[in-house]
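**Q** coordinates for the following, if possible.
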Amino acid sequence: MRRNDEMKLGLYLAPAGYHEGAWRDSSVPANGGVEVDHLAHLAALAEGAAFHFVFVADHQGVLVDHPTIARVGGNDGFEPITLLSALSSRTQDIGLVATATTTYYQPYHLARMFASLDHLSRGRAAWNIVTSAMNFEAQNFGEKELPDHDTRYARAKEFVDVVKGLWDSWQDEAFIRDKQSGIYADTTKLHLLNHRGNHFSVRGPLNIARPPQGYPVLVQAGASDAGIPFAAEVGELVFTAEPSLENGKRYCATLKEKARALGRDDDQLLVMPGIVPIIGRTKQEASEKLQRLQSYTHIDVLIGAADLWLGSVTDLRSMNLDSLVPETLPQTNSIQSRQKLLVDLAVRQKFTWRQLIRLISDSRGHLMVVGTPEEIANAMVDRFDQHAADGFNVLPATVPGGLKDFVELVVPELRRRGKFRSRYSGQTLRENLGLKRPLNRFTQASVSGRP
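**A** Residues are numbered from 1 along each chain as shown. Predicted coordinates:
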């Protein structure tokens, strides 16, 4: 099925901005991570521009023994589902994407929490499905280190299947609440899941009605050997990091080919790479903004961020930072796809370690465009038209300033070219994204005659 000519846009809701030095900028609230009015203001800016969703990232803990902890912003933020539940009452149309790990939650918990968020927001919830990627997360749940990469994905696949089954445990309109007859729920529309698998045993049913969207929109970021098949199977939005146009085209083609092999339509899987726009009315002004942010970032923070995103497999503090990055690094049990992307990029560009750690601080490997609104729009439209993206997750370097610049300067340019909408087109996030509402598995089984 052919996609329409308008890209999708999401806002990565970072309290200070995506750049490591953002929290030190004079225009940025230093306590933004725990200031709900600030975060609601950012969501309102995005909603006013008809963005499709706001996206909240997460991890389960703080790396307390890391030497950068004193200088790194962002270790004092809200839990995503709690935050988005609050924002659901302060917004009307914009989607609400919360990150939650399949490694350390239980399916029943998350099924209930996301169903609640979908009801609270009247059908605007989405779940960014992740497997935890840092050993410091494991240490908060009674483990010394993470399960291996493939085991985490096997658990995630079963986890998602259980959650979807729990969302289906009540059919639509099962809760009739008929005061005359005294019947609150039609039990012919109730189904026990009775799941028994390698990782979970879950009876059900869920103690909340089926979500308004059937399922909240399912978001994924798989790009590793294990992650791509998982994203092709379960992802409806796929959030990627890919600065290269050609690599982006290959990733999109590969992912959608795998999805088609599973019987899925192209327009039911939307690939949305991240973009870090540094916007100036001139190229020089944009460059000066980036240089100012870079001046705020201590060398310890640069090295610490690089260590984490490269998978904690090198001792960067003992490295000659002016030597070239090697073609390979030891395999990590963390985010394998990001490590590969960063190393491949460094090798193509013949980067030294110093250049690579600066790039990681600036963009973490996402596409970063430093320039005028027209230049940023050019990069986005080029990738959209060449099928390297169905839209973008916008990662402003600072907020609210960087977001305001994008809304006021880039969005009108995209609209002038007919590439972005001016208003919301549906009531739910699924409707606004053009995604189908999933059928209930138990209803399907009954229609097909299966037990």
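**Q** okay, now the residue nearest to residue 57 when sequence neighbours are not counted: neighbour count?
**A** Of all residues not flanking residue 57 in the chain, residue 99 sits nearest, at 5.2 Å (Cβ to Cβ, 6 or more residues apart in numbering). (C-beta placed from N, C-alpha, C; glycine too.) For residue 99, the count of nearby residues is 20 (other Cβ atoms under 10 Å).
**Q** now swap in residue 296 and tell me
**A** Using other Cβ under 10 Å, residue 296 has 15 neighbouring residues.
**Q** how about the strands in this protein?
**A** All strands of the chain, identified by DSSP state E, fall at 8-12, 53-56, 95-101, 125-130, 195-196, 201-202, 217-220, 237-240, 270-279, 367-371, 391-394.
**Q** got the angle for the fourth one vs strand 95-101?
**A** Looking back up the chat, that one is strand 125-130. Strand 125-130 runs at 30 degrees relative to strand 95-101, counting by axes from the mean of the first three to the mean of the last three Cα atoms, to 10 degrees.
**Q** for strand 125-130, the distance to its chain's centre please.
**A** How far strand 125-130 lies from its chain's middle: 7 Å, per Cα atoms, centre = their mean, to the nearest Å.
**Q** so what does that strand touch, helix or strand wise?
**A** strand 95-101, helix 107-120, strand 217-220 (3 or more Cβ pairs under 8 Å, 6 or more residues apart in numbering; DSSP states H and E).
**Q** partner strands of it and their direction?
**A** Note on strand 125-130: by DSSP bridges, its sheet partners are strand 95-101 (parallel), strand 217-220 (parallel).
**Q** may I see the ones you listed organised as JSON lines, with mean pLDDT and distance to residue 277 added?
**A** Output for the strands paired with strand 125-130, formatted as JSON lines (pLDDT from 0 to 100; distance: least, Cβ to Cβ, whole Å):
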{"stretch": "strand 95-101", "mean pLDDT": "98", "distance to residue 277": "19"}
{"stretch": "strand 217-220", "mean pLDDT": "97", "distance to residue 277": "21"}
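**Q** give me the low-pLDDT residue ranges for the stretch 151-300 of the chain?
**A** Within the stretch 151-300 of the chain, no stretch has pLDDT under 70.
**Q** so what's residue 364 up against?
**A** Contacts for residue 364 (Cβ atoms under 8 Å, 6 or more residues apart in numbering) come out as 18, 241, 305, 309, 338.
**Q** what sits against the residue nearest to residue 57?
**A** When contacts are counted by Cβ under 8 Å, 6+ apart, residue 99 touches 55, 56, 57, 58, 80, 128, 130.
**Q** ok, the nearest residue to residue 248 once chain neighbours are set aside - how many residues close by?
**A** Excluding its sequence neighbours, the residue lying closest to residue 248 (Cβ to Cβ, 6+ apart) is residue 388, at 3.3 Å. Per other Cβ under 10 Å, the neighbour tally for residue 388 reads 23.
**Q** just confirm residue 304 contacts residue 297, I think it does.
**A** No: between residue 304 and residue 297 there is no contact under Cβ atoms under 8 Å: 10.4 Å.
**Q** those two: which is more packed in?
**A** Under the criterion of other Cβ under 10 Å, the comparison of residue 304 against residue 297 puts residue 304 first, with 24 against 21.
**Q** coming back round to it: now the strands of the chain in JSON lines, with distance to residue 142?
**A** Shown next, in JSON lines, are the strands of the chain (distance: least, Cβ to Cβ, whole Å):
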{"stretch": "strand 8-12", "distance to residue 142": "31"}
{"stretch": "strand 53-56", "distance to residue 142": "26"}
{"stretch": "strand 95-101", "distance to residue 142": "15"}
{"stretch": "strand 125-130", "distance to residue 142": "20"}
{"stretch": "strand 195-196", "distance to residue 142": "24"}
{"stretch": "strand 201-202", "distance to residue 142": "19"}
{"stretch": "strand 217-220", "distance to residue 142": "27"}
{"stretch": "strand 237-240", "distance to residue 142": "29"}
{"stretch": "strand 270-279", "distance to residue 142": "33"}
{"stretch": "strand 367-371", "distance to residue 142": "39"}
{"stretch": "strand 391-394", "distance to residue 142": "33"}
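**Q** what's the closest of those to residue 381?
**A** Residue 381 lies closest, by Cβ to Cβ, to one member of the strands of the chain: strand 391-394, at 10.6 Å.
**Q** show me what the closest one is packed up against.
**A** Helices and strands touching strand 391-394, by 3+ Cβ pairs under 8 Å, 6+ apart, are strand 8-12, strand 270-279.
**Q** quick one: contacts of it?
**A** 7-12, 51-52, 55, 239, 270, 272-275, 277, 380, 384, 403, 406.
**Q** before we move on, the earlier item: tell me which of the helices and strands packed on strand 391-394 sits nearest to residue 194.
**A** By Cβ to Cβ (comparing all of the helices and strands packed on strand 391-394), the closest turns out to be strand 270-279, at 33.2 Å.
**Q** direction included, what does the closest one pair up with?
**A** In its sheet, and by DSSP bridges, strand 270-279 pairs with strand 237-240 (parallel), strand 367-371 (parallel), strand 391-394 (parallel).
**Q** need the ones you listed in CSV (columns: distance to residue 192).
**A** Shown next, in CSV, are those (distance: least, Cβ to Cβ, whole Å):
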stretch, distance to residue 192
strand 237-240, 30
strand 367-371, 46
strand 391-394, 38
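**Q** residue 87: which of those is closest?
**A** Smallest distance to residue 87 across those (Cβ to Cβ): 17.1 Å, for strand 391-394.
**Q** pull the closest one out as CSV, backbone CA atoms only.
**A** Output of strand 391-394 as CSV, limited to C-alpha atoms (Å, rounded to 0.1, in the frame of the first residue of the first chain):
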residue,chain,number,x,y,z
GLY,A,391,9.1,10.7,9.2
PHE,A,392,11.4,11.9,11.9
ASN,A,393,11.7,11.9,15.7
VAL,A,394,12.9,15.4,16.3
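**Q** check contacts around residue 149.
**A** Residue 149 neighbours (Cβ under 8 Å, 6+ apart): 131, 224, 226, 333, 336.
**Q** and the last one, how far from residue 303?
**A** What that stands for is residue 336. From residue 336 over to residue 303 the distance is 21 Å, taken as Cβ to Cβ, to the nearest Å.
**Q** more neighbours, those two?
**A** Each of residue 336 and residue 303 has its neighbours counted (other Cβ under 10 Å); residue 303 has more, 22 against 18.
**Q** who touches the nearest residue to residue 34 once chain neighbours are set aside in this structure?
**A** The shortest distance from residue 34 to any non-neighbouring residue, by Cβ to Cβ, 6+ apart, is to residue 76 (5.6 Å). Applying Cβ under 8 Å, 6+ apart to residue 76 gives the contacts 31, 33, 34.
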